[in-house]
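Asks: Fold the following for me, if possible:
(one chain, ligands or ions: 1)
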Amino acid sequence: MKQRVIIAMAIMAHPKVVILDEPTSALDVITQANIMNLLKKLKWEYKLSYMFITHDLALASELADSVAIMYAGKMVEIGGAEDIYGNPSHPYTQGLISSVPTLRIDKTLSFIPGEVPSLVNPPSGCRFHPRCPFYRDRDYLKGLCDAKEPPIVEIKGKASRKHLVACWLYK
Ligand code: SF4
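Replies: You can find the predicted model right below:
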């Protein structure tokens, strides 16, 4: 009920954009589904745009047209939802997607080893390098990923939006 009241207060002034920061955290799955349905209904009814901030990629897929993935305070991949979910390209996004359980596809769930770094003293270069499987396995990335921050490059995507990745694998 608190979530519903806050959502009502947020749209009272007829905004064009609503920022939703973890709007369904701490809710059980049934109430979460109800809130998501309410948000979808309001989106069409009031022609709203949402900035939906979440750690739950599966949940974001219900609403998102564009997705930006952040790791340790840095944007690592941005693109249309079709590209991010259908062709995740940054190793961190790939790890996130492969850890989401699905009902329709039989797949082995994986996980991202290690832990989120401290932002007080973040890793040098690419902040994901201590956990990145490509950095571990490919010698040519040593001295690169751990030394220089990767630039953001555009890669070929299917969606009409640009597909951008910050990773040395694409440079
Ligand atoms: S820049 Fe290097 S460490 Fe970072 S995600 Fe890409 S391959 Fe992995």
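
Asks: Name the single longest helix found in this protein.
Replies: If you go by DSSP state H, the chain has its longest helix at helix 29-45.

Asks: What is the subsequent helix or strand relative to that one?
Replies: Per DSSP states H and E, the first helix or strand lying C-terminal to helix 29-45 is strand 49-53.

Asks: Now do the longest helix of the chain: which elements does it pack against?
Replies: For helix 29-45, the elements it packs on are helix 2-11, judged by 3 or more C-beta pairs under 8 Å, 6 or more residues apart in numbering; DSSP states H and E. (C-beta placed from N, C-alpha, C; glycine too.)

Asks: who touches the helix it packs on?
Replies: Here helix 2-11 makes contact (C-beta atoms under 8 Å, 6 or more residues apart in numbering) with 18, 23-24, 27, 31, 35, 38-39, 42, 46, 48.

Asks: quick one: which of those residues has the most company?
Replies: P23 (22 neighbours; other C-beta atoms under 10 Å).

Asks: Three-state assignment for that one, please.
Replies: Classification of P23 using DSSP: H, G, I helix; E, B strand; the rest coil returns coil.

Asks: Hmm, it is touching L38, no?
Replies: No. When contacts are counted by C-beta atoms under 8 Å, P23 is not listed as touching L38 (9.8 Å).

Asks: what separates the residue nearest the centre of the chain from M9, distance-wise?
Replies: In the chain, the C-alpha nearest the mean C-alpha coordinate belongs to I69, at 3.6 Å (C-alpha atoms, centre = their mean). Taking C-beta to C-beta, to the nearest Å as the measure, I69 falls 29 Å from M9.

Asks: how about the residues of the chain that lie near the ligand?
Replies: 90-91, 126, 128-129, 132, 134-135, 141, 145, 150, 167-169 (C-beta under 6 Å from any ligand atom).

Asks: Can you select the buried ones from these in ChimeraX?
Replies: Burial among the residues of the chain next to the ligand is assessed by 16 or more other C-beta atoms under 10 Å; the matching ChimeraX selection reads:
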select :90,91,126,128,129,132,135,141,145,150,167,168,169
